[in-house]
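[1] need a structure here:
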Amino acid sequence: MKKFTIPSFIKDSVNNFSDNTALAFVGEKGITYTELGIKIKETVALLDILGIEKGDKVALIGENMPNWGIAFLSIVSMGAVAVPILPDFHENEVYNIIEHSESKLLFASGKQIERLKNIVAGRIQVIITDNLTVMNSSPSETSGIPERFSLEEMDKTSCEDNIATIIYTSGTTGSSKGVMLTHKNLAWMAEKCLTIQHVTIGHRFLSILPMSHTYENSIGLLLPLYSGASVYYLKKQMSPSILIEALAKVKPTHLLTVPLIIEKIFRKQVLPKFNKNRITRNLFRFPLTRKILNRLVGKKLMKTFGGELIFFGIGGSKLDGNIEKYLAEAKFPYAIGYGLTETSPLLAGSSPYKTPWQSTGKILQGVELKIDDPDPETGEGEIIARGPNLMQGYYKNPKATSEVITTEGWFRTGDLGYIDKKGNLYIRGRIKNLIIGTNGENIYPEEIESIINSIEYIEESLVVSQKDKLIAYVNINLQDIENKIIKLNEKVVKVCHDSLDEFLEEIQTFVNQRVNRYSKIQMVILQSVPFEKTPTNKIKRYLYGG
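    From the prediction side, this is the model:
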């Protein structure tokens, strides 16, 4: 019978893919699977020397790098519990997570430890980990390390139901939710993802999302290592030029992103090309010529991504419908997935070229998913799920656990959706974001925001209900507008700013012509600074009355 634990599949990968590159920085020689096994053994021995035992919590914070994966795999392989922390969390949030999780040791990058030195000094043991070598007093000769630290021995003592990691979705005092995921949750997920997309030796992943997030951790690290693929990391902070250079060098076959990334590419690079002259602008209005233009641009986009991309995964939130239509017509290998941290994360997904428009695709094999108390007319209701990928619960928070997991083992996702006759899942929005109209109608702010965001120069938007009125906050890219007219004179720029009220009125008219009568917005307000966001780039709605 197959054993779903991380040391079990890592042991098999080290044996089966020994000379293949496992982890590397872009443009540098990485480590092979054999070397990965050695480094895990060394690091586990170091953890033992420092007094870490099975069940102990070990925190981990740093930028994406090979050593992040080595540290994570070492912690969970020895039976300890990894506590990954998003590098964008505030110092106070980091402190709260370390305290709440009762972590005994912290792996941190040099950059992070400099930022956190006042928080961790004297409170917790620290291992600084950069480049490809675990720094400190790690044994240099593997021959001198006891055999009990080998992957084979650790595999024998590993247990599927043991907690492998606790992932915090928030670090604020009083609302910390540490999601407890087991070895089986993660190892099972790595295997089942292969039912959606093939991954094998020779495939290359470029990792650009935080490894401390379940999405990148499960699908961007464990999945490729399970399959013998290679994972590459940016050594410098990501920027358009750094990313383009990395894409050219790695020529990735697989890339995981969030909608924000592809939406920015579309609005800043693709759309302006269509609008730059009257001919292409007019051609883009007709379906046939639009498809031809999209196909041509799609080929250029493929070259930009290295030319060998076969899977462009998009998850985290809903993708704008107009942008998805462009990707489909461009024959770009995008795929949509849906899940939550609590479900390790995937619940449903699609493979490239088989994604129904605005759907997240089919339910993941082995997962039970249904719509709870569906509306008789629309079939919409809360999405609930259960399966081997469901968390054990929230760490030290049984009350919060009981609120989301029923006595029958169903997890309440908090998302509204429906399943069509072909078995495709569609997400309407978060229940907590749902606005109930004055006459009891369901209003989905995400759908209205999608229409607003399709307007040129709109960076982002947020629709909320205030005193029974629908209000839209919009963040406009004034710099882009100014850049187009800066060659004229300052007076024109001033006129541009003075005309903002008219632009806001035009936005309101544009939207209200495209929504049903109870989803019409009553006011559009300029959001002069970017919206405050979570580390996973979701707007903090509660700060704006939403």
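[2] what distance separates the start and the end of stretch 522-531?
    Distance across stretch 522-531, first residue to last, is 21 Å (Cα to Cα, to the nearest Å).
[3] Residue numbering should commence at 50 henceforth.
    Will do, 50 is the new start, and the previous item becomes stretch 571-580.
[4] Buried ones in it, by neighbour count?
    573, 576, 580 (16 or more other Cβ atoms under 10 Å). Just so you know, the C-beta spots here come from the backbone N, C-alpha and C atoms, and that holds for glycine as well.
[5] contacts for that stretch?
    508-511, 518-525, 549, 553-554, 556-557, 588-589, 593 (Cβ atoms under 8 Å, 6 or more residues apart in numbering).
[6] please redo it, this time with the cut-off set to 6 Å
    With contacts defined as Cβ atoms under 6 Å, 6 or more residues apart in numbering, stretch 571-580 is touched by 509, 518-524, 553, 556-557, 588.
[7] Any of those buried? List them.
    Buried subset of these (neighbour count, 16+ other Cβ under 10 Å): 509, 519-524, 553, 556-557, 588.
[8] would you say residue 248 is within a strand?
    No. Per DSSP: H, G, I helix; E, B strand; the rest coil, residue 248 lies outside any strand segment and is coil.
[9] Around residue 374, count how many other residues there are.
    15 (other Cβ atoms under 10 Å).
[10] in which helix or strand would I find it?
    Of the helices and strands defined by DSSP states H and E, residue 374 is found in helix 370-378.
[11] lowest-confidence helix or strand of this structure?
    When the helices and strands of the chain are scored by mean pLDDT, DSSP states H and E, strand 182-183 comes last with a mean of 42.
[12] And residue 560, its phi and psi?
    The phi/psi pair for residue 560 (degrees, to the nearest 10) reads phi -70, psi -50.
[13] again, but for residue 563
    Phi and psi for residue 563, reported as degrees, to the nearest 10, are phi -120, psi 10.
[14] nearest spatial neighbour of it, skipping sequence neighbours?
    With Cβ to Cβ, 6 or more residues apart in numbering as the criterion, residue 563 has its nearest non-adjacent residue at 5.3 Å, and that residue is residue 500.
[15] Please tell me how far the helix or strand harbouring that neighbour is from the chain's geometric centre.
    Assigned by DSSP H and E, residue 500 belongs to helix 494-502. Distance of helix 494-502 from the chain centroid (Cα atoms, centre = their mean, to the nearest Å) equals 21 Å.
[16] swap in stretch 337-344?
    On the basis of Cα atoms, centre = their mean, stretch 337-344 sits 30 Å off its chain's mean C-alpha point.
[17] same check, this time on stretch 470-487
    Distance, centroid of stretch 470-487 to centroid of chain: 21 Å (Cα atoms, centre = their mean).
[18] Ok, stretch 285-301 next?
    With Cα atoms, centre = their mean, you get 18 Å for stretch 285-301.
[19] Can you point out the buried residues in it?
    Neighbour-count burial for stretch 285-301, counted by 16+ other Cβ under 10 Å, picks out 292, 295-296, 299, 301.
[20] Assign a three-state SS to residue 255, would you?
    Here residue 255 is recorded as strand under three-state DSSP.
[21] So the residue lying closest to it once chain neighbours are set aside: helix, strand or coil?
    Nearest residue to residue 255 in three dimensions, chain neighbours excluded: residue 301, at 4.0 Å (Cβ to Cβ, 6+ apart). Look at residue 301: counting by three-state DSSP, its state is coil.
[22] For the closest residue to residue 86 other than its chain neighbours, the count of nearby residues, please.
    Excluding its sequence neighbours, the residue lying closest to residue 86 (Cβ to Cβ, 6+ apart) is residue 63, at 3.8 Å. The number of residues packed near residue 63 is 21, by other Cβ under 10 Å.
[23] Looks like residue 63 contacts residue 80 (just checking).
    No. Judged on Cβ atoms under 6 Å, residue 63 makes no contact with residue 80 at a distance of 11.1 Å.
[24] on that earlier part again, could you check how far the residue nearest to residue 255 is from residue 431?
    Using Cβ to Cβ, to the nearest Å, one obtains 36 Å as the distance from residue 301 to residue 431.
[25] for residue 71, same thing?
    From residue 71 across to residue 431, the span is 40 Å (Cβ to Cβ).
[26] Among these two, which residue is more densely surrounded?
    Set residue 71 next to residue 431 and count neighbours by other Cβ under 10 Å: residue 71 wins out with 27 against 17.
[27] does that one sit in a helix, a strand or a coil?
    The three-state assignment at residue 71 reads strand, by three-state DSSP.
[28] And it, what's its pLDDT?
    Here the pLDDT value assigned to residue 71 is 98.
[29] Could you pull out the helices in the stretch 250-399 of the chain for me?
    Assigned by DSSP state H, counting those that start in this stretch, the stretch 250-399 of the chain shows helices spanning 263, 272-276, 289-299, 308-314, 320-324, 327-332, 336-353, 370-378.
[30] Buried residues in the longest one, which are they?
    Which is helix 336-353. Going by 16+ other Cβ under 10 Å, helix 336-353 has these buried residues: 339-340, 342-343, 346-347, 350-351.
[31] and residue 211, how many residues sit next to it?
    Residue 211: 19 surrounding residues under other Cβ under 10 Å.
[32] Likewise for residue 399?
    Residue 399 has 23 nearby residues by other Cβ under 10 Å.
[33] hang on, it packs against residue 383?
    No. Under the criterion of Cβ under 6 Å, residue 399 is not in contact with residue 383, lying 9.1 Å apart.
[34] on that earlier part again, and of the buried residues of helix 336-353, the nearest to residue 249?
    Set against residue 249, the nearest of these by Cβ to Cβ is residue 351 (20.8 Å).
[35] any idea how far the closest one is from residue 304?
    Distance of residue 351 to residue 304, computed by Cβ to Cβ: 12 Å.
[36] Ok, residue 63 next?
    Taken as Cβ to Cβ, the span from residue 63 to residue 304 is 25 Å.
[37] Likewise for residue 80?
    Distance of residue 80 to residue 304, given as Cβ to Cβ: 21 Å.
[38] Could I get the pLDDT score of residue 415?
    Looking at residue 415, its pLDDT reads 97.
[39] For it, which three-state class applies?
    What three-state DSSP gives for residue 415 is coil.
[40] Kindly list the main-chain dihedrals of it?
    phi 90, psi -10.
[41] what's around it, how many residues?
    13.
[42] For residue 529, which non-adjacent residue is closest in space?
    Closest to residue 529 by Cβ to Cβ, 6+ apart is residue 506, at 5.8 Å.
[43] correct me, but that neighbour touches residue 528?
    No. Between residue 506 and residue 528 there is no contact under Cβ under 6 Å: 9.7 Å.
[44] Which residue of the two possesses the greater neighbour count?
    residue 506 (16 against 10).
[45] which residues touch residue 418?
    396, 412, 434.
[46] neighbour-wise, which of those residues leads?
    Highest neighbour count within these, by other Cβ under 10 Å: residue 396, with 26 neighbours.
[47] tell me the contacts of the closest residue to it other than its chain neighbours?
    Closest residue in space to residue 396, ignoring its immediate chain neighbours: residue 388 at 4.6 Å, by Cβ to Cβ, 6+ apart. By Cβ under 6 Å, 6+ apart, residue 388 lies in contact with 394-396.
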